[in-house]
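S.K.: Could you work out the structure for the sequence below:
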Amino acid sequence: MKTLETDIRFTHQILVEKCKNGDSSSQYELYMLYVDAMFNIGMRMLGNKEDAEDIVQESFISAFKNLGSFNYESTFGAWLKRIVINRSINYLKKKQIAVVPIDKHEFHLTDEYVEETKSVEIKKVKKGIEQLPTGYKQIINLYLIEGYDHVEIAEVLDIAASTSKSQYHRAKKKLLEIIKEL
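M.R.: Coordinates of the predicted model:
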């Protein structure tokens, strides 16, 4: 008996295999299944509609060109998401937008701050995230929204895991300050 974990990796397997064989209608179908979710990731990472659209298109082209290397170690969606995130980060690096200046200082939030964040409206949180500096926004998006852990973030951003942790704490503190002012 297969577990759900095993089965989920093979979501859209038939479509993926048809795409590997060059079936353009299957490529279009797979594209339509994932384009909105990938655009949302691009928007969270880049904050600009045109840049997000470009990155998503480039990511799909890259994914379809490299589909032969996709071997179901994850779902197709997770694999594609990784491509979109990596391309977004590379785009920001090319624009020379620093992640966040490295500072070895750790911040710890009090229970008071944690309780306050629980009662904050989602709209305020989204608005607050948009006001964060780009580097902070990247860390918050990767950790809280995309679900990456600090080791994965460190790998993607080419920084130390401890740097990812400290930047996350700093970003969270800054986010709470912004939300208080909204």
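
S.K.: For E58, identify the helix or strand it belongs to.
M.R.: helix 49-65 (DSSP states H and E).

S.K.: err, M43, not the other one
M.R.: Per DSSP H and E: helix 24-46 holds M43.

S.K.: for that helix, packing partners?
M.R.: For helix 24-46, the packing partners by 3 or more Cβ pairs under 8 Å, 6 or more residues apart in numbering; DSSP states H and E come out as helix 13-20, helix 49-65, helix 76-94. Just so you know, the C-beta spots here come from the backbone N, C-alpha and C atoms, and that holds for glycine as well.

S.K.: Mean neighbour count, those helices: which tops it?
M.R.: When the helices and strands packed on helix 24-46 are scored by mean count of other Cβ atoms under 10 Å, the highest mean neighbour count falls to helix 76-94 (a mean of 19).

S.K.: Give me the mean pLDDT for the helix holding M43.
M.R.: Averaging pLDDT along helix 24-46 gives 93.

S.K.: Repeat that for stretch 85-102.
M.R.: 72.

S.K.: got it, and stretch 134-144?
M.R.: 87.

S.K.: in it, what counts as buried?
M.R.: G135, Y136, K137, Q138, I139, I140, N141, L142, Y143 (16 or more other Cβ atoms under 10 Å).

S.K.: In TSV: those, plus secondary structure.
M.R.: Listed next are these as TSV, based on DSSP: H, G, I helix; E, B strand; the rest coil:
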residue	secondary structure
G135	helix
Y136	helix
K137	helix
Q138	helix
I139	helix
I140	helix
N141	helix
L142	helix
Y143	helix
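
S.K.: tell me which of these is nearest to F39?
M.R.: Minimum distance to F39 across these is 14.0 Å, recorded for N141 (Cβ to Cβ).

S.K.: ok so, going back, touching the helix holding M43 from outside, list them.
M.R.: Helix 24-46 is contacted from outside by 12, 15-16, 18-19, 49, 51-53, 55-56, 59-60, 64, 76-77, 80-81, 84-85, 88-89, 91-92, 137-138, 141, 145-146, using Cβ atoms under 8 Å, 6 or more residues apart in numbering.
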